[in-house]
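Peer 1: this is a predicted model, with the sequence first.
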Amino acid sequence: MLIKLLPVFFMAFLTSKPVFPQMSIFSVEWQVSRNITAKKTIFELVPEIIIGPPMKMSGKIRAIVSVKNDFAKPAEGIVVRYSLSLLLAKKGTGNGTWMAPFHLEELRISKIKPGQIYKIKIIHADLNSQLKKIKESGFQASALKLQVMVEPRPGDSLEKNVQESVIPVVYR
């Protein structure tokens with residue numbers, strides 16, 4: 001009887017997927033520094049980026065990306081990739097086009113415990129230099145987009161590995 005079931009067990013072994021920890025992007029939050037002191041920069045959550053009269057952002061912007069380990073075992077060697085791009089529109093119009101990403105980066109997380117949420121601070125936005133480049137072209141940025149992805153592993157669900165977050169840019 002056991003010999004008859006051996007081919008069934010062998011086929012089940014060959015077709016089974018390896019079980020790896022499923023990583024997911026839990027949330028993305030945008031923050032801007034308001035009070036810059038000599039000792040510490042204080043960030044607060046914002047629904048939009050405000051650009052002042054000299055066509056410059058006062059303060060620094062960052063995104064906090066929360067990556068969660070949805071598995072019962074620790075996850076190791078996690079790679080997170082992200083890109084930043086601007087929605088450009090003619091001054092005075094609402095229609096625009098997403099430009100190619102102006103910043104690409106890859107971050108590594110050595111280990112995340114089971115059920116733990118690990119927060120990544122994305123601080124290399126350098127939005128003011130991008131605004132300076134497009135200032136004289138007759139265009140302006142109307143939104144900033146972050147595309148973030150946890151490198152997929154066998155058996156992962158891509159819906160949990162990839163996320164986009166768009167924050168409006170407002171001129172005052």
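Peer 2: Good, I have the coordinates.
Peer 1: strand partners of the strand or helix carrying residue 170, parallel vs antiparallel please.
Peer 2: Taking DSSP states H and E as the criterion, residue 170 maps to strand 162-171. Paired neighbours of strand 162-171 in the sheet (DSSP bridges): strand 49-51 (parallel), strand 139-150 (antiparallel).
Peer 1: assign a three-state SS to the nearest residue to residue 80 once chain neighbours are set aside, would you?
Peer 2: In space, and not counting its chain neighbours, residue 80 is closest to residue 107: 4.7 Å by C-beta to C-beta, 6 or more residues apart in numbering. (Glycine included, C-beta is placed from N, CA and C.) Under DSSP: H, G, I helix; E, B strand; the rest coil, residue 107 falls in the strand class.
Peer 1: give me the distance between residue 24 and residue 142.
Peer 2: 30 Å (C-beta to C-beta, to the nearest Å).
Peer 1: show me where this structure has strands.
Peer 2: 23-36, 41-45, 49-51, 61-69, 75-90, 97-98, 103-112, 117-122, 139-150, 162-171 (DSSP state E).
Peer 1: nearest to residue 129, of the ones you listed?
Peer 2: In terms of C-beta to C-beta, the element of those nearest to residue 129 is strand 103-112, at 10.1 Å.
Peer 1: return the distance of the most centrally placed residue in the chain relative to residue 163.
Peer 2: The chain has residue 148 as the residue nearest its centroid, 3.1 Å off, counting by C-alpha atoms, centre = their mean. For residue 148, the distance to residue 163 equals 6 Å [C-beta to C-beta].
Peer 1: overlap in contacts of these two?
Peer 2: 25, 28 (C-beta atoms under 8 Å, 6 or more residues apart in numbering).
Peer 1: next, count neighbours for residue 86.
Peer 2: Residue 86 has 25 neighbouring residues, counting by other C-beta atoms under 10 Å.
Peer 1: ditto for residue 71
Peer 2: Other residues close to residue 71 by other C-beta under 10 Å number 15.
Peer 1: for it, give me phi and psi.
Peer 2: phi -110, psi 160 (degrees, to the nearest 10).
Peer 1: residue 112 is in contact with that one, correct?
Peer 2: No - using C-beta atoms under 8 Å, residue 71 is not in contact with residue 112, being 9.3 Å away.
Peer 1: same list (the strands of the chain) but as a markdown table, adding mean pLDDT and distance to residue 130.
Peer 2: Compiled in a markdown table, these are given as follows (pLDDT from 0 to 100; distance: least, C-beta to C-beta, whole Å):
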| stretch | mean pLDDT | distance to residue 130 |
| --- | --- | --- |
| strand 23-36 | 88 | 16 |
| strand 41-45 | 89 | 20 |
| strand 49-51 | 90 | 11 |
| strand 61-69 | 95 | 11 |
| strand 75-90 | 94 | 6 |
| strand 97-98 | 96 | 13 |
| strand 103-112 | 95 | 9 |
| strand 117-122 | 95 | 15 |
| strand 139-150 | 94 | 7 |
| strand 162-171 | 94 | 10 |
